[in-house]
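Asker: let's see this in three dimensions:
(one chain, ligands or ions: 2)
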Amino acid sequence: MLDLQNIVQIYQQGQAEVIVFDDLNLNVKQGETIGIIGPSGSGKSTLLNIIGLLEKPHSGKISISGTNCSDMNNEEKVNFRKNNIGFIFQNNQLLEDFLVEENVALPMILAGHSYKKSIKRAREFLEMLGIVERRNFKPGLLSGGEQQRVAIARALIKDPTILLADEPTGSLDLLNTSLVFNLMIKLAKEKNTITILATHNLNLINKINKSYKIFDGNLIEYKKK
Ligand SMILES: Nc1ncnc2c1ncn2[C@@H]1O[C@H](COP(=O)(O)OP(=O)(O)OP(=O)(O)O)[C@@H](O)[C@H]1O
Ligand SMILES: [Mg+2]
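Answerer: Ligands and ions are numbered 1, 2, ... in the order given. As a prediction, the model looks like this:
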């Protein structure tokens, strides 16, 4: 279970204080997929960064699978992330010094699996996402949508407790968008993953059971149209 309690996040922008979250609460059960919408600048990436322990909120409590993550030190956070959190970043963040298949395999290698086994699994994910023929390229040579699918494979490979997907299909065509979405939903069901999907794509949001909109520094339930 993911539990956020009384999250406040405030940024100083020049003289102005921007209150992104004002007493935000969220509870998500294992196996649930949650959509997050809200205009550009409303705080979607900030929310995922806070859940992913990449950003410390001004105040509030974060607990994941019964572990209180709020007071962890940096090393504890790194370890917790490595074992539990898959993150698809809005800007992909692939490593240019490594091949595509190595980028995907890295989380498994870091979790202690052999190089060979990790590369084999990486190729399976690349195959599922239709980019296995790009496996020996450097990421920079790939199209935006191809890079995005590499980032998706990298987040999925370690069967995370929580998958945080920040506009994961923003660079994809319709066909690949549904391919990726269906794969995420399938894996969430099979592995009982919590999936948090931030997106502007209302077609996807309408396929998810429960979604929230960031409004006025808080989350309100979004009613499907
Ligand atoms: N480190 C920071 N310092 C100051 N302000 C920040 C910082 N990070 C985010 N912000 C501000 O917080 C607000 C929320 O940003 P965020 O990136 O979460 O929005 P978003 O909903 O993901 O937008 P988009 O749809 O464009 O991706 C923005 O006004 C942004 O400028
Ligand atoms: Mg964002």
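
Asker: contacts, neighbours, all on C-alpha from now
Answerer: OK.

Asker: need the nearest residue in space to V104, chain neighbours excluded.
Answerer: Counting by CA to CA, 6 or more residues apart in numbering, the nearest residue to V104 once its immediate chain neighbours are dropped is R154, at 4.0 Å.

Asker: three-state assignment of the one you found?
Answerer: In terms of secondary structure, R154 is helix; the call rests on DSSP: H, G, I helix; E, B strand; the rest coil.

Asker: quick one: buried residues of the helix or strand bottoming out on mean pLDDT in the chain?
Answerer: Among the helical and strand segments of the chain, the one scoring lowest on mean pLDDT, DSSP states H and E is helix 174-191, with a mean of 91. By neighbour count, with 16 or more other CA atoms under 10 Å as the criterion, the buried positions of helix 174-191 are 176-177, 179-180, 183-185, 187-189.

Asker: who does the helix or strand just after it pair up with?
Answerer: Along the chain past helix 174-191, the next helix or strand (assigned with DSSP states H and E) turns out to be strand 194-198. In the sheet, strand 194-198 lines up against strand 33-37 (parallel), strand 162-166 (parallel) (DSSP bridges).

Asker: which residues sit against strand 194-198?
Answerer: Defining contact as CA atoms under 8 Å, 6 or more residues apart in numbering, one finds that strand 194-198 is touched by 1-2, 28-37, 44-45, 48, 161-168, 184, 188.

Asker: which ones among those residues also lie next to ligand 1?
Answerer: 44-45 (CA under 6 Å from any ligand atom).

Asker: give me the buried entries from the contacts of strand 194-198.
Answerer: By the neighbour-count criterion of 16+ other CA under 10 Å, those include these buried positions: 1-2, 28, 30-37, 44-45, 48, 161-168, 184, 188.

Asker: how about the residue most central in space within the chain: which residues does it bridge to?
Answerer: Nearest to the mean C-alpha position of the chain, by CA atoms, centre = their mean, lies L164 at 1.9 Å. Using DSSP bridges, the bridge partners assigned to L164 are F87, I196.

Asker: just I64 next, same as before
Answerer: When bridges are taken as DSSP bridges, the partners of I64 come out as L2, T67.

Asker: could I get the buried residues of helix 174-191 as JSON lines with distance to F125?
Answerer: Below are the buried residues of helix 174-191 laid out as JSON lines (distance: CA to CA, whole Å):
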{"residue": "N176", "distance to F125": "14"}
{"residue": "T177", "distance to F125": "16"}
{"residue": "L179", "distance to F125": "12"}
{"residue": "V180", "distance to F125": "11"}
{"residue": "L183", "distance to F125": "10"}
{"residue": "M184", "distance to F125": "12"}
{"residue": "I185", "distance to F125": "15"}
{"residue": "L187", "distance to F125": "12"}
{"residue": "A188", "distance to F125": "15"}
{"residue": "K189", "distance to F125": "17"}
